[in-house]
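1. next one to model:
(2 chains)
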Amino acid sequence: DAKTTQPPSMDCAEGRAANLPCNHSTISGNEYVYWYRQIHSQGPQYIIHGLKNNETNEMASLIITEDRKSSTLILPHATLRDTAVYYCIVRPPWGGGNKLTFGTGTQLKVEL
Amino acid sequence: DAGITQSPRHKVTETGTPVTLRCHQTENHRYMYWYRQDPGHGLRLIHYSYGVKDTDKGEVSDGYSVSRSKTEDFLLTLESATSSQTSVYFCAISESEALADTQYFGPGTRLTVL
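-> Next up, the predicted model:
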């Protein structure tokens, strides 16, 4: 399985963009990059996913490098409610029941 | 939010007692999962189900069993609870096994084994 590397923690000022990096240098050609987040004491929440093109939805943007070895999750205008642990996950190939392998993620703290 | 509930939300039990956690969904999704979350380990998959009566093991399945007799319910049983099974347990669902599919998580059950 491809593994991911994320910084353990980041800070961001409220209203500014939060850019969360992820390295996945051993990603396979058919593996997607997923981002989830977990607000304290709650279940993980899906944010966005992509294969090789940049993606945007109402929550965030996902920028994947051309070689697909790294990606960045962008929260364009972070708020205090975005304080959470953010997980970058690379989906294993088809099979294995769609399981997700969570690492330890990045603790994002949004401050006034 | 996806219609996923877990019960109980909190439970304290003693070593050696059986414990059953329930996950209930109203989305009619085919796949259901049980994860546990412990400090320093992130979330780890215990068991998953790909249909009624169809289940398989995850990475930390020892000491746990599961059952799925209806699409909407996925039960996790600790036959004889141990202190190492003190954890927060999350249920998740997904519609398919497709690479582009996403999982939706329940609110969690905090289990303490004394």
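
2. make it CA atoms for all contacts and neighbour counts henceforth
-> OK.

3. could you list the low-pLDDT ranges of chain B?
-> B:1-2, B:97-101 (pLDDT under 70).

4. what residue is smack in the middle of it?
-> Nearest to the geometric centre of chain B sits B:W34, at 2.6 Å (CA atoms, centre = their mean).

5. check contacts around it.
-> B:45-48, B:76, B:89-92 (CA atoms under 8 Å, 6 or more residues apart in numbering or on different chains).

6. could I get the residues you listed as a markdown table with secondary structure, distance to chain A and neighbour count?
-> Conversion of the contacts of B:W34 to a markdown table gives the following (DSSP: H, G, I helix; E, B strand; the rest coil; distance: CA to the nearest CA, whole Å; neighbours: other CA atoms under 10 Å in any protein chain shown):
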| residue | secondary structure | distance to chain A | neighbour count |
| --- | --- | --- | --- |
| B:L45 | strand | 7 | 22 |
| B:I46 | strand | 10 | 23 |
| B:H47 | strand | 10 | 25 |
| B:Y48 | strand | 7 | 29 |
| B:L76 | strand | 17 | 22 |
| B:Y89 | strand | 9 | 26 |
| B:F90 | strand | 7 | 27 |
| B:C91 | strand | 9 | 31 |
| B:A92 | strand | 9 | 27 |
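
7. so can I have JSON lines of those residues showing distance to A:T72?
-> Below are the contacts of B:W34 laid out as JSON lines (distance: CA to CA, whole Å):
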{"residue": "B:L45", "distance to A:T72": "25"}
{"residue": "B:I46", "distance to A:T72": "29"}
{"residue": "B:H47", "distance to A:T72": "31"}
{"residue": "B:Y48", "distance to A:T72": "30"}
{"residue": "B:L76", "distance to A:T72": "36"}
{"residue": "B:Y89", "distance to A:T72": "29"}
{"residue": "B:F90", "distance to A:T72": "27"}
{"residue": "B:C91", "distance to A:T72": "28"}
{"residue": "B:A92", "distance to A:T72": "25"}
